[in-house]
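K.L.:
My questions are about this predicted structure, shown below with the sequence.
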Amino acid sequence: MLATFSALFAAHAVADYLAQTARMVRDKNSAAMLGLHILIVFGFSAVAVGFTGWAALFLLAGVHGVMDLIKSTVLPRGQLWPYMLDQAVHILTIIGVVLIAPNLFATGIWAQVAPEHIDLIAQILLIAGIAIFAVEAGGYAVELLLRDLPATRNGDDTAFGSPTAGRRIGQLERGLVLVLILIGQPAGIAFLIVAKSILRFGIVAEDRAASEYVIIGTLASVGWAMLCGAALIMLLPHTTLEALRLTP
């Protein structure tokens with residue numbers, strides 16, 4: 001059951017955050033773009049589970065498409081709660097498919113090709129899926145959270161430098177938090193926050209709006225990554241966690 005969830009969640013993460021272009025997100029209310037995204041979700045899900053369980057995969061992709069259509073045509077854009085609702089529905093749909101077909105991954109081609117490594121493959125998929133979700137999904141969630149906050153006294157959001165650079169900093173931040181949790185060094189998260197605070201000190205020292213912007217963004221980003229790390233700790237076998245940790 002967990003192996004099937006790991007495969008489908010990894011497929012969801014890749015389809016929604018790596019394979020989905022900005023144009024596909026912008027034009028999701030277009031039948032062509034929505035259809036293409038549904039096809040991508042179905043394709044990556046099929047590859048992840050090993051080309052089996054077609055009816056379950058059609059159901060998964062179909063519900064995914066319906067939720068995306070509702071989000072793009074009914075729910076307001078540019079707000080955090082519709083995005084969180086969308087992701088919650090996608091994850092619950094994956095759980096529903098897992099409950100319907102728990103052995104999907106075990107009957108796929110990967111289980112037949114490498115039966116002795118099937119558990120390892122499932123764990124790699126789980127780590128990859130949650131890592132993508134932590135880094136990419138977290139970035140979009142934090143961006144939506146901060147969208148309505150004034151960044152500076154003058155309302156100039158370029159004061160923090162290039163938006164692309166800020167996005168990359170957030171991705172690295174969440175990635176490092178996830179790695180620190182996996183290797184059993186969560187105390188390093190505190191040093192990461194302190195280092196970022198020192199680097200930002202010159203900008204936010206005399207600007208309350210900017211300091212609040214940075215604090216909220218940092219806590220939201222780190223908190224998202226910590227939740228993803230906690231999910232990995234709960235789902236991964238104890239032996240795998242022990243192998244990843246730097247200290248016993």
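P.N.:
That came in fine, so what should we check first?
K.L.:
just checking, what packs against the helix or strand where Ala46 lies?
P.N.:
Assessed by DSSP states H and E, Ala46 sits inside helix 31-49. For helix 31-49, the elements it packs on are helix 2-13, helix 22-26, helix 54-73, judged by 3 or more CB pairs under 8 Å, 6 or more residues apart in numbering; DSSP states H and E. C-beta coordinates here come from the backbone N, C-alpha and C atoms, glycine included.
K.L.:
which intervals of the chain have sub-threshold pLDDT?
P.N.:
150-163, 199-210, 247-248 (pLDDT under 70).
K.L.:
remind me, longest helix of it?
P.N.:
Longest helix in the chain, counting residues (DSSP state H): helix 208-235.
K.L.:
Which SSE is immediately downstream of it?
P.N.:
helix 238-244.
K.L.:
Please identify the buried residues of that next one?
P.N.:
Judged by neighbour count using 16 or more other CB atoms under 10 Å, the buried positions of helix 238-244 are Thr240.
K.L.:
What lies in contact with that helix?
P.N.:
Contacts to helix 238-244, defined as CB atoms under 8 Å, 6 or more residues apart in numbering, come from residues 123, 182-184, 233, 248.
K.L.:
Make TSV out of those and add neighbour count and secondary structure.
P.N.:
Formatted as TSV, the contacts of helix 238-244 follow (neighbours: other CB atoms under 10 Å; DSSP: H, G, I helix; E, B strand; the rest coil):
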residue	neighbour count	secondary structure
Gln123	18	helix
Leu182	21	helix
Ile183	14	coil
Gly184	16	coil
Ile233	13	helix
Pro248	5	coil
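K.L.:
and the closest residue to Phe42 other than its chain neighbours, what does it touch?
P.N.:
Ranked by CB to CB, 6 or more residues apart in numbering and with sequence neighbours excluded, the top spatial neighbour of Phe42 is Ala61, at 3.9 Å. Ala61 is in contact with 38-39, 41-42, 45, counting by CB under 8 Å, 6+ apart.
K.L.:
Out of the contacts of helix 238-244, which is nearest to Leu34?
P.N.:
Nearest to Leu34 out of the contacts of helix 238-244 is Gln123 (CB to CB; 32.8 Å).
K.L.:
thinking again about what came up before, dump the helices and strands packed on helix 31-49 into JSON lines; add distance to Gly170 as well.
P.N.:
Formatted as JSON lines, the helices and strands packed on helix 31-49 follow (distance: least, CB to CB, whole Å):
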{"stretch": "helix 2-13", "distance to Gly170": "17"}
{"stretch": "helix 22-26", "distance to Gly170": "17"}
{"stretch": "helix 54-73", "distance to Gly170": "23"}
